[in-house]
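**Q** Return a 3D structure for these sequence lines:
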Amino acid sequence: MERSPELYLASTSPRRSELLAQIGVQISIFSVDTDESPIVGEIPSAYVLRLAEAKAQAGWEYMVANRLPELPVLGADTTVVLGDRALGKPVNQEDCIQSLMSLSGRTHQVLTAVAIKKANVVVSELSVTNVTFKELTPDLLEQYWLTGEPQDKAGGYGIQGFGAVFVDKIEGSYSGVVGLPIEKTVLLLNQFNVGMWQNISNR
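**A** As a prediction, this is how the structure comes out:
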């Protein structure tokens with residue numbers, strides 16, 4: 001028998017829904033629109049936290065507007081940071097190659113914020129992971145662009161996909177780089193009494 005959802009996910013990212021499914025959280029997914037423009041002078045950590053909370057808020061408003069059962073709403077946002085510069089999703093091949101070449105042979109940070117809202121309460125957590133890349137070449141990155149993978153990825157790569165070949169080492173949360181830090185998410189789920197391991201059949 002299919003279980004009822006215990007959480008709304010305000011994101012259509014397949015990676016985030018897969019990570020929640022991995023720990024057995026029953027979800028229903030909303031597609032929400034939020035303005036992702038940075039505020040002048042805003043540091044990357046404040047930016048991702050603000051967007052995660054804004055997405056959770058937008059999901060909550062969608063739930064209320066559509067008179068859906070009241071459940072906690074989760075929002076998340078990820079950005080790649082080199083020094084004090086945030087690298088967004090590439091706008092074209094040239095932009096992608098330039099971004100990834102700037103990461104070549106260097107260590108950058110992947111920041112992922114996760115927020116959960118219910119009623120008048122919103123709680124958020126921030127995950128910071130250091131990722132070190134191998135030396136890259138423009139020819140390799142041209143081939144990578146042609147796979148189609150980097151076009152919707154923060155920083156222009158997906159660690160869970162073909163982009164894994166770029167990585168020399170990581171320090172921190174692997175799932176945070178994918179798009180949802182499990183260890184931080186579990187802390188929030190526990191605060192809102194959201195059940196885990198719910199889609200595992202008894203054997």
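
**Q** Okay, the most centrally placed residue in the chain and Ser13: tell me how far apart.
**A** Central residue of the chain (CA atoms, centre = their mean): Gly179, 2.8 Å from the mean position. Computed as CB to CB, to the nearest Å, the Gly179 to Ser13 distance reads 6 Å. The way it works is simple: take the backbone N, C-alpha and C, and place the C-beta from them, glycine included.

**Q** among the helices and strands of the chain, which has the poorest mean pLDDT?
**A** Ranking every helix and strand in the chain by mean pLDDT, DSSP states H and E puts strand 85-87 at the bottom, with a mean of 90.

**Q** pLDDT at Val165, what is it?
**A** The score at Val165 is 96. That number is its pLDDT.

**Q** So it belongs to a strand, correct?
**A** No. The assignment for Val165 (DSSP: H, G, I helix; E, B strand; the rest coil) gives helix, which keeps it out of a strand.

**Q** what number of residues lie near it?
**A** Here the number of neighbours of Val165 (other CB atoms under 10 Å) works out to 11.

**Q** that older thread, okay, and the common contacts of Gly179 and Ser13?
**A** Here Gly179 and Ser13 have Ala76 as joint contacts, going by CB atoms under 8 Å, 6 or more residues apart in numbering.

**Q** Grab the longest helix from this structure for me.
**A** For the chain, the helix that runs over the most residues, judged by DSSP state H, is helix 44-65.

**Q** Could you identify the helix or strand that succeeds that one?
**A** Beyond helix 44-65 on the C-terminal side, the first helix or strand identified by DSSP states H and E is strand 73-82.
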